[in-house]
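*Asks:* for reference, the sequence and a predicted model appear below.
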Amino acid sequence: MLRYFLLVLGLAVLGLLVWHIGPGNIYAAASQVGPVTLLIILIPSVLMYAIEAYGWKVVLGPSGKAVPFLRLLTIRTAGEVVNMTTPTAYLGGEPLKAYLLKKHNVPIAEGAASVVIAKTTMTIAEVCFILTGIALGFLLLGTGNSAVQTITAALVSVGLLVCSIAGFVFIQHRGLFASILSLVRKLRLRIQALEAQEAHLRSIDQTIRNFYDHHRKAFFASVGVCFLGWLAESLEVFGIIYFLGGSVSFLAAISIGALAAFIKGGSFFIPGSLGAQDAGYMLLLQAFGYSDVTGITFALLRRFRELVWIAIGLLCLAMVGKGGLNRDQRVESPS
């Protein structure tokens, strides 16, 4: 019920923003972006998806190394559309990724462990990206700008996030799923699905621990690769503002992209981050000296990109969800 309320509230906020700024003004700004320009704007997100898929491949176990990169990218895109379209705090698609890897003869423990580790490395890279953006924000805006208070609040929030990630990695070392099982039992809850899979869950924990103990270089390499993926998002920021007729330096684009990622992540509890994300983007661009029209148009163009990737993700989900991967395996297997 709460999620429906937040959804309606978000739609109302977005509608009020569009009404306040003026649909005509927004249309005039958006009309500067033609079909070819829209395709160009989508290129950075393609890079981001591909780079992050490679970051996942880096932490895959021996069995996963044989999975073709394009197939891995398809699986990741299918999982991400579940994250984007279901109320699961961007986590619902992760088990799906492990399940789809199993179709390529990757043991479920190895696949699930890689999903957990890849999510960890991507989150660490995102925090590093946000911290970089905050530092650049202070450098570019100066200490006297009114936006500094917002950036300072973001810095405090990121500090809390860093502590949370450190705690999450620590729990992985101790046994993530074993800790969940222990907590459930201490609360005297009976979840038969968890208890029935206890042996598999403990196997995943052991695979994760083995990775951290013996493959630290791969872990840090994955963090570095994912950081490059987040930097690709800055290219999108640069392109959108440029094609809307504004001038922007690449350093400013990095800062805006990083703080935009923080805004989106901080509003995950709202379906689609509706309203909060759009208002946040508009205020963010205003802090960097752009008009409210540029700000809301920027937000709507990023919505367009999300819709495109939802469509692509659903297509990938249809491909891998109806035995498409199994058919491919039969074709590729020797006769």
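*Replies:* Arrived safely, thanks for sending. Numbering: from 1, shown residues only.

*Asks:* the helix or strand where residue 5 lies packs against which elements?
*Replies:* Using DSSP states H and E, the element containing residue 5 is helix 2-21. Contacts defined by 3 or more Cβ pairs under 8 Å, 6 or more residues apart in numbering; DSSP states H and E place helix 2-21 against helix 276-287, helix 292-321. From N, CA and C alone the C-beta is placed, and that goes for glycine too.

*Asks:* export the first one as CSV, just CAs?
*Replies:* Which is helix 276-287. Provided in CSV are the C-alpha atoms of helix 276-287 (Å, rounded to 0.1, in the frame of the first residue of the first chain):
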residue,chain,number,x,y,z
ALA,A,276,12.3,12.5,-6.3
GLN,A,277,14.8,11.6,-9.0
ASP,A,278,13.4,14.2,-11.4
ALA,A,279,13.3,17.0,-8.8
GLY,A,280,16.7,16.0,-7.6
TYR,A,281,18.2,16.2,-11.1
MET,A,282,16.6,19.6,-11.7
LEU,A,283,17.9,21.1,-8.4
LEU,A,284,21.4,19.5,-9.1
LEU,A,285,21.6,21.2,-12.5
GLN,A,286,20.4,24.5,-11.1
ALA,A,287,23.2,24.3,-8.5
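
*Asks:* so where is the stretch 101-250 of the chain shaky, pLDDT-wise?
*Replies:* 143-154, 190-195 (pLDDT under 70).

*Asks:* where do the helices sit along it?
*Replies:* 108-141, 147-174, 176-186, 192-196, 198-214, 216-243, 250-266 (DSSP state H, counting those that start in this stretch).

*Asks:* among these, single out whichever gets nearest to residue 309.
*Replies:* helix 216-243 (11.9 Å; Cβ to Cβ).

*Asks:* which parts of stretch 210-226 are buried?
*Replies:* 211, 215, 219, 222, 223, 225, 226 (16 or more other Cβ atoms under 10 Å).

*Asks:* surely the fourth one meets residue 123?
*Replies:* It refers to residue 222. No. Look at residue 222 against residue 123 with Cβ atoms under 8 Å: they stay out of range, at 11.3 Å.

*Asks:* coming back round to it: run through who's touching the helix or strand just after the helix holding residue 5.
*Replies:* Following helix 2-21 in sequence order, the next helix or strand is helix 23-30 (DSSP H and E). Applying Cβ atoms under 8 Å, 6 or more residues apart in numbering, the contact partners of helix 23-30 are 18, 244, 245, 293, 294, 296, 297, 300, 301.

*Asks:* highest neighbour count among those?
*Replies:* Within the contacts of helix 23-30, most neighbours by other Cβ atoms under 10 Å means residue 297, with 28 neighbours.

*Asks:* residue 126 touches residue 266, doesn't it?
*Replies:* No. With contact defined as Cβ under 8 Å, residue 126 and residue 266 do not form a contacting pair (11.9 Å).

*Asks:* comparing those two, which residue is more hemmed in?
*Replies:* Counted by other Cβ under 10 Å, residue 126 and residue 266 do not tie: residue 126 has more neighbours, with 22 against 17.

*Asks:* columns distance to residue 61 on top of the buried residues of stretch 210-226, output as TSV?
*Replies:* Listed next are the buried residues of stretch 210-226 as TSV, based on distance: Cβ to Cβ, whole Å:
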residue	distance to residue 61
211	8
215	9
219	13
222	13
223	18
225	17
226	18
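
*Asks:* and the furthest pair within the contacts of helix 23-30?
*Replies:* Between any two of these (Cβ to Cβ), the greatest distance is 19.7 Å, for 18 and 245.

*Asks:* near residue 184, how many other residues are there?
*Replies:* 14.

*Asks:* now do it against residue 142, distance only.
*Replies:* For residue 184, the distance to residue 142 (Cβ to Cβ, to the nearest Å) stands at 50 Å.

*Asks:* now do residue 248
*Replies:* Applying Cβ to Cβ to residue 248 and residue 142 gives a distance of 17 Å.

*Asks:* residue 26 now?
*Replies:* According to Cβ to Cβ, residue 26 stands 30 Å off from residue 142.

*Asks:* of the two, give the one with the bigger neighbour count.
*Replies:* residue 26 (19 against 10).
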